[in-house]
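**Q** fold the following and give me the result.
(one chain, ligands or ions: 2)
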Amino acid sequence: MKTFFNVSDLGNLTQALAEAREVKNNRFGFQPLGKNKTLLMIFFNNSLRTRLSTQKAAMNLGMNVIVLDVNAGAWKLETERGVIMDGDNSEHLLEAIPVMASYCDLIGIRSFAGLVEREFDYAETIVNQFVAYSGRPVFAMETATVHPLQAFADLITIEEHKKSERPKVVLTWAPHCRALPQAVPNSFAEWMNAADVDFVITHPKGYELDPKFAGNIKVEYDQRKAFEGADFIYAKNWSCPGVTRPADYGKILCNDPAWTVDQEHMSWTNNAYFMHCLPVRRGLIVTDDVIESPQSLVIPEAANREISAEVVIKRILEGL
Ligand SMILES: CCC[C@H](NC(C)=O)C(=O)O
Ligand SMILES: NC(=O)OP(=O)(O)O
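**A** Residues are numbered from 1 along each chain as shown. Ligands and ions are numbered 1, 2, ... in the order given. The predicted model follows:
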């Protein structure tokens, strides 16, 4: 595997989930693969889970790890070609990328959407320069439009906890005080569409996800109807994806607290589990009693990020 951005990169999903169970039961069993191999993790944005779980996964595999926070100590990077670099940016990405690549065997990258120019974001302009110019395998640690390590961990968690062969899984929008990217819901929708689940998306009008990820899934705009009979509730905020309202790309369109997931919302479900990728704003996305309830899976879900990362890095190492 040379790049990891989409569910299709993993091939057969049933086999990938079986491999995740094998890795979870034997996470130190593949260390020869990573011996004397170096992972470079590049962060253009903050992180807790991705940073810790991906480094842990690489260490499980016997690897060396270098972590670079680009905006904390490296030179400010120019990402556009054809500019005169007389501003704050001291180095161009087109030099920095091959230099960084010379110190490692594979690269993980986090570079969030700018939420200003939809075309720039949805073309994955930043990360595709790493794919084009590093000469190394590259995997997403949340890029402008995808967060596949999260979605893979989410699916592992659903498989571990489902009580029926084909559970009903609901992706619900919830309000937030900042404009957040669409990467997490994009990947969650893409992976749920590929999995054997009854998948429903619910959000206010205007928040329709890009069909590239959501496919032709029917949106249920009535949150209560969507929640009825649900086995898993996956809550997340995202800003306007600019699909039905192109001029509003990256904007907050709604802040209605009626969308916040509380006990009443959960009472509409089939005693559903609650999931969220974290970090989560309590009181906006979800109430304290729901996220602290026995039905909340947010901690095991975060713990499974170590497993999803280890399977992905293991696949990349096997292809070196
Ligand atoms: C894993 C989530 C990362 C990011 N969250 C924030 C708060 O920026 C997001 O919503 O995409
Ligand atoms: N869920 C997730 O990716 O968390 P971080 O942003 O803390 O890495």
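
**Q** check contacts around residue 103.
**A** Neighbour list for residue 103: 38, 40, 66 [criterion: CB atoms under 8 Å, 6 or more residues apart in numbering]. All C-beta atoms are positioned from the backbone trio N, CA, C, and that covers glycine.

**Q** and it, that one's in a strand?
**A** No: per DSSP: H, G, I helix; E, B strand; the rest coil, residue 103 lies outside any strand segment and is coil.

**Q** ligand 2 contacts on the stretch 51-200 of the chain?
**A** 51, 142, 150 (CB under 6 Å from any ligand atom).

**Q** show me what counts as buried in the helix or strand that residue 305 is a member of.
**A** Element membership for residue 305, per DSSP states H and E: helix 298-318. Using 16 or more other CB atoms under 10 Å as the test for burial, helix 298-318 gives 298, 301-317.

**Q** need the CA coordinates for it. CSV is fine.
**A** The C-alpha trace of helix 298-318 is given here as CSV (Å, rounded to 0.1, in the frame of the first residue of the first chain):
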residue,chain,number,x,y,z
VAL,A,298,-15.8,7.4,23.0
ILE,A,299,-12.8,6.0,25.0
PRO,A,300,-12.6,2.5,23.4
GLU,A,301,-13.2,4.3,20.1
ALA,A,302,-10.1,6.5,20.7
ALA,A,303,-8.1,3.4,21.9
ASN,A,304,-8.8,1.7,18.6
ARG,A,305,-6.9,4.5,16.8
GLU,A,306,-3.8,2.6,17.9
ILE,A,307,-5.1,-0.5,16.1
SER,A,308,-6.3,1.2,12.9
ALA,A,309,-2.9,3.0,12.6
GLU,A,310,-1.0,-0.3,13.2
VAL,A,311,-2.8,-2.1,10.5
VAL,A,312,-2.3,0.7,8.0
ILE,A,313,1.4,1.2,8.8
LYS,A,314,1.9,-2.6,8.8
ARG,A,315,0.4,-2.8,5.3
ILE,A,316,2.7,0.0,4.1
LEU,A,317,5.8,-1.6,5.6
GLU,A,318,4.8,-4.9,3.9
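
**Q** residue contacts, the closest residue to residue 229 other than its chain neighbours?
**A** Distances taken as CB to CB, 6 or more residues apart in numbering place residue 270 nearest to residue 229, at 5.0 Å, with adjacent residues excluded. Residue 270 sits next to 168, 229-231 when contact means CB under 8 Å, 6+ apart.

**Q** how about residue 315?
**A** 1, 4, 10.

**Q** what is the neighbour count of whichever residue of the stretch 151-300 of the chain sits closest to ligand 2?
**A** Nearest residue of the stretch 151-300 of the chain to ligand 2, counting by CB to the nearest ligand atom: residue 277, 3.9 Å away. Look at residue 277: counted by other CB atoms under 10 Å, it has 25 neighbours.

**Q** wait, it touches residue 150, no?
**A** Yes: with contact defined as CB atoms under 8 Å, residue 277 counts as touching residue 150 (5.0 Å).

**Q** let me see the ranges of the strands in the stretch 151-300 of the chain.
**A** For the stretch 151-300 of the chain, the strands defined by DSSP state E, counting those that start in this stretch occupy 168-173, 198-202, 232-236, 273-275.

**Q** so for residue 107, which of those sits nearest?
**A** The closest of the strands of the stretch 151-300 of the chain to residue 107 is strand 232-236. By CB to CB, the value is 26.3 Å.

**Q** tell me the pLDDT at the residue of the chain found nearest ligand 1?
**A** Ranked by CB to the nearest ligand atom, the top residue of the chain for proximity to ligand 1 is residue 180, at 3.8 Å. As predicted, residue 180 sits at a pLDDT of 98.

**Q** on that earlier part again, with mean pLDDT, mean neighbour count and distance to residue 21 added, can I get the strands of the stretch 151-300 of the chain in TSV?
**A** As requested, those are arranged in TSV below (pLDDT from 0 to 100; neighbours: other CB atoms under 10 Å; distance: least, CB to CB, whole Å):
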stretch	mean pLDDT	mean neighbour count	distance to residue 21
strand 168-173	98	24	19
strand 198-202	98	21	22
strand 232-236	99	25	19
strand 273-275	98	24	19
